[in-house]
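Asker: When you get a sec, could you give me coordinates for this:
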Amino acid sequence: MSHFEVERSFDGRDYKSIGMVFAYGNTDEKQTYTFSDKQLDMSKAGVVYYRLRSVDIDKKSEYSQVRLIHISKQGTGALSIITYPNPAVNTVSVTVPAAWQGKAISYELISQSGQLITSRKPGAASQTETFDLSRLNSGFYIIRVNCEGETVQQKIVKQ
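Answerer: Residues are numbered from 1 along each chain as shown. All right, here's what the predicted structure looks like:
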């Protein structure tokens with residue numbers, strides 16, 4: 001392994017390299033790497049997408065899974081979920097508020113007409129849950145998430 005390139009996007013599609021971290025080389029031991037995005041404007045609310053491009057010495061590269069950070073303005077107090085990609089083609093991922101992670105949670109996918117398409121109740125919520133949309137017709141849908149009496153929903157578009 002040669003190095004890692006840290007890439008950032010504000011729309012989940014167009015990524016820009018924002019830094020590089022050199023690798024320790026090939027090893028079977030667990031290694032820890034850190035990188036701080038010092039160029040990020042934390043005063044603006046929104047979603048920031050990150051991924052790593054790991055580059056081998058022979059220049060072959062591979063991308064990591066996308067990770068995202070939801071930045072909210074101080075004092076809003078509003079709970080929200082993040083759905084991506086949106087519009088979606090085959091799958092949509094749903095990220096829940098940090099305060100809900102590890103708690104009992106339920107997900108519902110609802111059609112535009114209000115019909116429940118599917119529901120899911122994982123034992124304990126992880127940060128992100130992915131839904132298969134490949135068998136659904138194109139159109140608008142609602143993802144509704146419930147946790148301890150609080151409900152948040154987000155409209156998604158299936159292409």
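Asker: low-confidence ranges in this structure?
Answerer: 42-45, 70-78 (pLDDT under 70).
Asker: what helix or strand does the most centrally placed residue in it sit in?
Answerer: Closest residue to the average C-alpha location of the chain: residue 68 at 4.7 Å, with Cα atoms, centre = their mean. Assigned by DSSP states H and E, residue 68 belongs to strand 67-71.
Asker: Partner strands of the helix or strand following that strand, with direction?
Answerer: For strand 67-71, the following helix or strand on the C-terminal side (DSSP H and E) is strand 82-84. According to DSSP bridges, strand 82-84 forms sheet pairs with strand 91-95 (antiparallel).
Asker: circling back: can you tell me how far the residue nearest to the centre of the chain sits from residue 54?
Answerer: 19 Å (Cβ to Cβ, to the nearest Å). C-beta here means a position set from N, CA and C on the backbone, and glycine is covered the same way.
Asker: In a helix, residue 99, correct?
Answerer: Yes: assignment of residue 99 by DSSP: H, G, I helix; E, B strand; the rest coil places it within a helix.
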